[in-house]
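Visitor: here is my input, please return the structure:
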Amino acid sequence: MNYIDDAGNIVTVMDEDTECVRFYPEGGGPVYRMSREDFYTRFSMFKDRRVYRKCRVTLDDNEPILTAYTRGEKWNGWTTPMFTRDQADLLAASMPKYLTYDPERNIYVYGYHDSDEDMIFEMETIKVDGQYLDVYPIGSGSWCWFEVEEE
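Guide: Residues are numbered from 1 along each chain as shown. Next comes the predicted model:
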């Protein structure tokens, strides 16, 4: 569950007991402890009203720049993009040994296809400007995506 303070800091609660709350900054980071009394005095429940927006992202200078959607959330400081099928296909074409689309399951699979440790990216539906889009969270929350400024 996420909470927010008056300064706009959003945190995720890991666990709590009768004495204290353990939490970390939204998107990852160090774990903090605070007394329950202090925590609930400082933080209130966060009702996420952030909306998706279009953005441009890349993994590094040698990778393609792709159009994606984000709500501005970060994972360890990195952007957490969602890709439409056409953009996901462009990404897959840039790393054909590792990222493939499985049409029978409507998923993207990243990894060595003879491994039990493949990453699976299932389709999700998001709402952007009143329109519903089917997207895939490829590497969102696990890869180092960064947002590229428009030129």
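Visitor: okay, CA-based contacts and neighbour counts for the rest of this
Guide: OK.
Visitor: tell me how far Met1 lies from Arg22.
Guide: 12 Å (C-alpha to C-alpha, to the nearest Å).
Visitor: what's the overlap in contacts for these two?
Guide: Common neighbours of Met1 and Arg22, using C-alpha atoms under 8 Å, 6 or more residues apart in numbering, are Val13.
Visitor: neighbour-wise, which of the two wins?
Guide: Arg22 (17 against 11; other C-alpha atoms under 10 Å).
Visitor: give me the local confidence score for the more buried one.
Guide: On pLDDT, Arg22 comes in at 95.
Visitor: confirm that it sits in a strand.
Guide: Yes - checked against DSSP: H, G, I helix; E, B strand; the rest coil, Arg22 lies within a strand.
Visitor: pull the contacting residues for the nearest residue to it once chain neighbours are set aside.
Guide: Sequence neighbours aside, Arg33 is the residue nearest to Arg22 in space, at 4.6 Å (criterion: C-alpha to C-alpha, 6 or more residues apart in numbering). Applying C-alpha under 8 Å, 6+ apart, we find Arg33 in contact with Cys20, Val21, Arg22, Phe23.
Visitor: okay, and the beta partners of the first one?
Guide: If I follow you right, that is Cys20. Ser35 (DSSP bridges).
Visitor: and the gap between it and Leu99?
Guide: Distance from Cys20 to Leu99, by C-alpha to C-alpha: 43 Å.
Visitor: with that, I have no additional questions.
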